[in-house]
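# Here's my sequence, what's the structure:
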Amino acid sequence: MKTGYITNRLRLTNEEAQKFWPIYNSYAAELQQAYFNFRHQPNSSEIVLEETLLNIKKKYSVEFLKAIPPPKINEFFKAEKDFNNFVRTEMQRRQAQRGGPYPVAPQGLPPQGP
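Purely as a prediction, here's the structure:
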């Protein structure tokens with residue numbers, strides 16, 4: 001769903017998509033590693049996590065230039081945030097319908113638990 005959402009929102013051409021998605025996959029892997037490190041290191045700092053995430057975004061904003069123009073890079077970061085907010089809201093709505101409180105993961109993280 002995320003791939004389709006971002007592709008449509010950015011109006012990626014076939015050429016742009018072929019270049020963009022491999023870079024995105026590396027970006028997503030680095031974000032995932034940052035969150036993993038944060039969750040599994042004692043005395044983790046929120047500030048350090050946020051700084052790490054910002055540095056990854058800065059690094060990849062340059063990498064994305066190899067695939068898409070600057071206005072689409074800015075739109076990508078907005079689209080990703082909007083998609084993650086949608087998923088979080090939808091999870092909360094579904095949890096409320098079930099009446100069961102499942103843990104809601106922080107932005108960008110997969111849920112923990114059942």
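# Ile6 - nearest residue in space that isn't next to it in sequence?
The shortest distance from Ile6 to any non-neighbouring residue, by C-beta to C-beta, 6 or more residues apart in numbering, is to Ala79 (5.3 Å). For glycine as for every other residue, the C-beta is placed from the backbone atoms N, C-alpha and C.
# Now the helix or strand harbouring the one you found: buried residues?
Following DSSP states H and E, one finds Ala79 within helix 70-98. The neighbour-count check on helix 70-98 (16 or more other C-beta atoms under 10 Å) flags 72-73, 75-76, 79-80, 87-88 as buried.
# my guess is Lys66 meets Ile23, correct?
Yes. Lys66 is within contact range of Ile23, at 6.7 Å (criterion: C-beta atoms under 8 Å).
# Between the two, tell me which one has more neighbours.
Ranked by neighbour count (other C-beta atoms under 10 Å), Lys66 and Ile23 place Ile23 first, with 16 against 10.
# residues contacting that one?
By C-beta atoms under 8 Å, 6 or more residues apart in numbering, the contact list for Ile23 reads 60, 63-64, 66-67.
# Equivalent analysis for Lys19, please.
66-68.
# for Lys57, same thing?
Phe77.
# Now do the SS call for it.
Secondary structure assignment for Lys57 (DSSP: H, G, I helix; E, B strand; the rest coil): helix.
# Tell me how far it lies from Ala67.
15 Å (C-beta to C-beta, to the nearest Å).
# Over to Phe86?
24 Å.
# Is the residue nearest to Ile6 in contact with Thr3, as I believe?
No. Ala79 lies out of contact with Thr3 (C-beta under 8 Å); the separation is 11.3 Å.
# Could you export the contacts of Lys19 as TSV, including pLDDT and secondary structure?
Conversion of these to TSV gives the following (pLDDT from 0 to 100; DSSP: H, G, I helix; E, B strand; the rest coil):
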residue	pLDDT	secondary structure
Lys66	96	helix
Ala67	97	coil
Ile68	97	coil
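# quick one, the host helix or strand of Ala17 and helix 70-98 angle?
Per DSSP H and E, Ala17 falls inside helix 14-40. Calculated by axes from the mean of the first three to the mean of the last three C-alpha atoms, to 10 degrees, helix 14-40 forms an angle of 50 degrees with helix 70-98.
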